[in-house]
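>>> no sequence on hand, only this structure:
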């Protein structure tokens, strides 16, 4: 130890490890008491606030039926009665997912849901929506029937026309299946988790004429002040 | 093999399209969009179940205090 080195008690604190930084970040982002609340503001008692969680519920069914389809395989969903049924569940839960998500989007757009430091919540929802479109598109390409063949043929021309056809080949069903069941669901899944964390952090956006129970950045209370 | 009743629409038939100038949309897609708009409007105007009774009971409890 040289004379120029500070003594141990004078040194600045050691930078925390990435695990402690991550833990602190998570704790600050969603403090305890906010991540699974059992009380909500009174204005949440409206049908328009149902469509976010309805989208989430449909997403869970999409994932569950997708898991079953992936386990059983193409021949099963084409030839067996149960395969047809699960395939249909997968399709119709996707239809519900998009319908609920679009109504959720309309509701939040007309409420200007990016108010009150909720811009990142809004943007994760937007990117999630775009990612879901890509996931659904590659799902249609993975049906392995004449419909998927027709869609991929049309999409190839469209994607080449806008100059992004070099990055992936929609005529390659293996590649599109991997995008559909691995890459895009991972992106959408992470974004959904982020979106939910941010909703819990800042609370649902209040209507224009409502007063939120407490400022979005206030320290966590033991229960959100609501009915 | 029992055939489908003739009154049911055939899923494999060509879709019926509507045209307004450069805009064209299948009738099925238009109906779905209209249904979603109807759901959106209903979600705004329909009362949520239990909201009135809950508010009333809270008003009564406030009166007692």
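It's in. Just so we're clear, the structure is a prediction, and the values are computed from it rather than from any experiment.

>>> gap between the host helix or strand of residue A:201 and the chain center?
Mapping residue A:201 onto the secondary structure by DSSP states H and E places it in helix A:184-202. Distance of helix A:184-202 from the chain centroid (Cα atoms, centre = their mean, to the nearest Å) equals 4 Å.

>>> how about the contacts made by the closest residue to residue A:194 other than its chain neighbours?
When the adjacent residues along the chain are set aside, residue A:194 lies closest to residue A:124, with 5.0 Å between them (Cβ to Cβ, 6 or more residues apart in numbering or on different chains). Just so you know, the C-beta spots here come from the backbone N, C-alpha and C atoms, and that holds for glycine as well. For residue A:124, the contacting residues are A:191, A:194-195, A:198, taking Cβ atoms under 8 Å, 6 or more residues apart in numbering or on different chains as the criterion.

>>> and those residues, which is closest to chain B?
Comparing the contacts of residue A:124 against chain B with Cβ to the nearest Cβ places residue A:195 closest, at 20.0 Å.

>>> wait, the closest one sits on residue A:125?
Yes. Contact between residue A:195 and residue A:125 holds when scored by Cβ atoms under 8 Å: they sit 5.5 Å apart.

>>> and the two? which has more neighbours close in?
residue A:125 (25 against 22; other Cβ atoms under 10 Å in any protein chain shown).

>>> element containing that one?
Taking DSSP H and E as the definition, one finds residue A:125 inside helix A:119-141.

>>> that helix vs helix A:184-202, what angle?
With axes from the mean of the first three to the mean of the last three Cα atoms, to 10 degrees as the criterion, the two stretches helix A:119-141 and helix A:184-202 enclose an angle of 160 degrees.

>>> off-centre distance for helix A:119-141?
Helix A:119-141 has its average C-alpha position 8 Å from the chain's average C-alpha position, going by Cα atoms, centre = their mean.

>>> next secondary structure after that helix?
From helix A:119-141 onward toward the C-terminus, using DSSP H and E, the following helix or strand is helix A:146-161.

>>> mind listing what's buried along that next one?
Buried residues in helix A:146-161, counting neighbours by 16 or more other Cβ atoms under 10 Å in any protein chain shown, are found at A:148, A:152, A:155, A:159.

>>> ok, stretch A:199-212 next?
Neighbour-count burial for stretch A:199-212, counted by 16+ other Cβ under 10 Å, picks out A:199-206, A:212.
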